[in-house]
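Student: any chance you can model this:
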Amino acid sequence: MHKVMANGAAIPAIGLGTWTLKGEVCSALVAHALSVGYRHVDTAAYYENEKEVGEGLRSSGVALDEVFVTTKVWPSDTAPGDLERSAEESLKRLGLDTVDLLLIHWPNPAIPLAGSIKALNAVRHSGMARHIGVSNFPTGMLAEAVNLSDALLVANQVEYHPFLDQTKVHAACRAAGMAMVAYAPLGRGEALFEQAAIIDAAKRHGKTPPQIVLRWHVQQEGVIAIPRTARKERLAENVDLFDFELSGEEMSMISRLKSRNLRIYENDYSPQWD
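Tutor: Here you go, the predicted structure:
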């Protein structure tokens, strides 16, 4: 598994997204993902599956220190005191002493960012998280968070796929030495997989369209992808990306799809996007 280096963190380039996964399905998928080569699992307090993710980690037989685990604090819990308690509760549910990465899940304009970042640093200082970062932060908020933090932030997790232009956020992450972690990296699937640039590349390389899209992600500097799937058979496919390389022309053709600027996740609590 290739890794992305980001401000001292070594983050596996492909991770398992676990949003919507529940119960035994979640724990079984986590365990199976690790058995086929995954070494990065992403969850959140909001997903209500941290307990099952922890069960999957332990039942996999893979040493915990070999797996990069990310969880997130929901925006309503980002005030000082609340954030630390949220982190403690996540660790209890996961059955871990520490996580590799703790993120603020979404910015919350009702809670001063300075206090949230100070609390995030306190979690890192206490040892509950090895690294810290943010999620769904546009460039202005990202710059503010970077300036407020004593410790280096290692990642900004955002929606990213070939139909969405995240050029500005990606550039801001790289300027700060951070990784950009792509959730929903495959978009909504079918419409994206029907694009000629992806179909043609898949035929040339003997790969599936999803593999081409994931390879496009990890071939970009500092980009990590965390596809979610509920199908065990997709897991091995999603990590079978490192025996081929897209050409510069293929990368460019896929990147041109960003002109659609199609955002899938837009909520009433979303920030003003770039």
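
Student: can you tell me the SS state at Asn156?
Tutor: Per DSSP: H, G, I helix; E, B strand; the rest coil, the local secondary structure of Asn156 is strand.

Student: what about it, how many neighbours?
Tutor: Summarising burial for Asn156: neighbours were counted as other C-beta atoms under 10 Å, giving 29. Backbone N, C-alpha and C define where each C-beta goes, glycine included.

Student: I figured it hits Val181, correct?
Tutor: Yes. Taking C-beta atoms under 8 Å as the definition, Asn156 is a contact partner of Val181 at 7.2 Å.

Student: shared neighbours, these two?
Tutor: Taking C-beta atoms under 8 Å, 6 or more residues apart in numbering as the contact rule, the neighbours common to Asn156 and Val181 are Ser135.

Student: Thr98 and Gly140, how far apart?
Tutor: Distance, Thr98 to Gly140, by C-beta to C-beta, to the nearest Å: 31 Å.

Student: same thing with Leu235?
Tutor: 37 Å.

Student: strands of the chain, start to end?
Tutor: 3-6, 9-12, 16-17, 40-42, 68-73, 99-104, 129-135, 153-159, 179-183, 223-225 (DSSP state E).

Student: hmm, back to that, which of Leu235 and Gly140 has more neighbours?
Tutor: Summary of the neighbour comparison: Leu235 and Gly140, criterion other C-beta under 10 Å, with Leu235 having more neighbours (21 against 12).

Student: contact partners for that one?
Tutor: In this structure, Leu235 makes contact with 16, 29, 32-33, 36, 38, 229, judged by C-beta under 8 Å, 6+ apart.
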